[in-house]
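Trainee: Just the structure for this:
(one chain, ligands or ions: 1)
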Amino acid sequence: MLGQMKMYSKSSTTVFTVVMFFLCSHTCARSWADQKKISKKAIKLQQKVLLVGLDGWRWDFVEKHKEKLPNIMSLQKHGVAAGYAQNVLPTNTFPNFYSIVTGLYPEQHGIIDNQMYDTKQKKKFSMKTTDSKWWNEAEPIWVTNQAQGFKSGLCYWPGYNVKIKGRYPSYVQSKEQINQAIEGKPISHNKRIDLSLKWLNKSDVTFVAVYFEDIDEAIHGSGDAKVRNAMTTLDKTFDYLKQKLDTLSLGHTVNVLVIGDHGGKNVSYKKIIRLKDYIDMRAQAIAGIGKTFVSIYPKPGHLDKIYKALKDAHPNMTVYRKQELPHHMHIKDNNRTAPLVLLADPGWVIDSDFEPKQYFEGKFYKGEHGYSNLNRDMNPGFFAFGPCFKSGLKIEKIRTIDLYPLMCHIIGLHPQNSAGSLQNVIGLLNNKCLK
Ligand SMILES: [Zn+2]
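Mentor: Next comes the predicted model:
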């Protein structure tokens, strides 16, 4: 029996060996090829974007407050930083944040200011308006991302609660957190980071945008001392973000782009241009929106009268009929742009007689924005870090509209038509992410 077994075993071993040889000549070769594929894939993991929006993050705040920003300084050193970012006019929050996520100018994406009046719809828009009609002139990156099979998350980023082109963001804060924010108690910085990275930790989430309001509030409300405090808080937030990225092992897939919407400038309440000194605005116009970039909607038949009264009224105010707005402003070509636009010189504010009186008593506001985007104080800062970005690269400037094609490229999305150029910013990426 033993002999039989031996014989059997011998022939069986031969068969086994032969079978194994053939098997191995296929499967081993195949698995080696697979391994090659896997390691190739490991080198090019699905890249993701975390877009961090800092309201009021002026271009020079890092240099000005660098002793309070050790973590941000370190992240900039190991990533890419721009001397300043060229933003869009008006230098206000909503138009700029929508340009960042669409790569379009305000006249193209339709969110031409924080507040506006649509002469066709005869409706007003405010920062609380969630009616899709106002937002549907463009498709932001989170919608494109979802349309192309991925998921997106938005934490307080303007538009998070709006259905755009038929889609809400895949993930937003809880209803309770949204309601708390409406009551003026948004969730803490660290909780926003927790939420953003929780979403990015899901394999199909490739785009998350998170928004922080503190610096803007400090600029408007209390001046330099509050700005300094806001900087310290923000620096801790970035330290927390870095630690969390490491803890969750997201450092090899998540690319962080940090951008402001505008800067800010201190205003003097000796520098107020009061329109009622020149014309009875309440009698002549339907609305006057804004204090630095002012949209005037005249009553029917009253446009010429207002224009003539204001045209050369004050040396620190420029008055444009809609058709006179220069092309470089990229604000003229939209129904929502007012028939008359007034632009104050930096440091000045315009009282159109439609905004709350308290504002012009200077009790609540110390700084402003909304002025020309050619004024450096209105330009925000930008830096980025992560697996796709070069290390230690400093560039002179970046256009905020170029961030849209850049983010699409990093994720691998087919971008919508935009005014942005990937060519302008491709040099920020290292070899791994060039294709
Ligand atoms: Zn803002």
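Trainee: residues in contact with the nearest residue to Glu137 once chain neighbours are set aside?
Mentor: Spatial nearest neighbour of Glu137, chain neighbours left out: Gly110 (3.4 Å); criterion: CB to CB, 6 or more residues apart in numbering. In this view, the C-beta of every residue, glycine as well, is placed from N, C-alpha and C. Applying CB atoms under 8 Å, 6 or more residues apart in numbering to Gly110 gives the contacts 134-138, 334, 336.
Trainee: In a strand, Val210, correct?
Mentor: Yes: assigned with DSSP: H, G, I helix; E, B strand; the rest coil, Val210 falls within a strand.
Trainee: Tell me how many other residues surround it.
Mentor: A count of neighbours around Val210, defined by other CB atoms under 10 Å, yields 25.
Trainee: pretty sure it is touching Ser196, no?
Mentor: Yes: Val210 lies in contact with Ser196 (CB atoms under 8 Å); the separation is 4.7 Å.
Trainee: joint contacts of the two?
Mentor: With CB under 8 Å, 6+ apart as the test, Val210 and Ser196 both reach 50, 155.
Trainee: Show me the shaky parts of the stretch 301-435 of the chain.
Mentor: Residue ranges of the stretch 301-435 of the chain with pLDDT under 70: 363-365.
Trainee: go again using 80 as the cut-off
Mentor: 362-365, 435 (pLDDT under 80).
Trainee: Check it for the residue nearest the ion and tell me.
Mentor: His369 (6.7 Å; CB to the ion).
Trainee: correct me, but that residue touches Val267?
Mentor: No: His369 lies out of contact with Val267 (CB under 8 Å); the separation is 9.9 Å.
Trainee: re earlier: PyMOL command to pick out the buried ones of the contacts of Gly110?
Mentor: Only the buried entries of these go into this PyMOL selection, using 16 or more other CB atoms under 10 Å:
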select buried, resi 134+135+137+138+334+336
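Trainee: Keep the contacts of Gly110, but drop any that are not near the ion.
Mentor: Applying CB under 5 Å from the ion, the subset of the contacts of Gly110 adjacent to the ion is empty.
Trainee: For the contacts of Gly110, could you give me a markdown table that also reports distance to Leu154 and secondary structure?
Mentor: A markdown table is the format used below for these (distance: CB to CB, whole Å; DSSP: H, G, I helix; E, B strand; the rest coil):
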| residue | distance to Leu154 | secondary structure |
| --- | --- | --- |
| Trp134 | 17 | helix |
| Trp135 | 13 | helix |
| Asn136 | 17 | coil |
| Glu137 | 19 | coil |
| Ala138 | 15 | coil |
| Asn334 | 24 | coil |
| Arg336 | 23 | coil |
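Trainee: List just the nearest of the contacts of Gly110 to Ile286.
Mentor: Checking the contacts of Gly110 against Ile286 by CB to CB gives Arg336 as the nearest, at 13.7 Å.
Trainee: Pull the number of nearby residues for Asn179.
Mentor: As a measure of burial, Asn179 has 11 neighbours, counting by other CB under 10 Å.
Trainee: Right, I'll leave it there.
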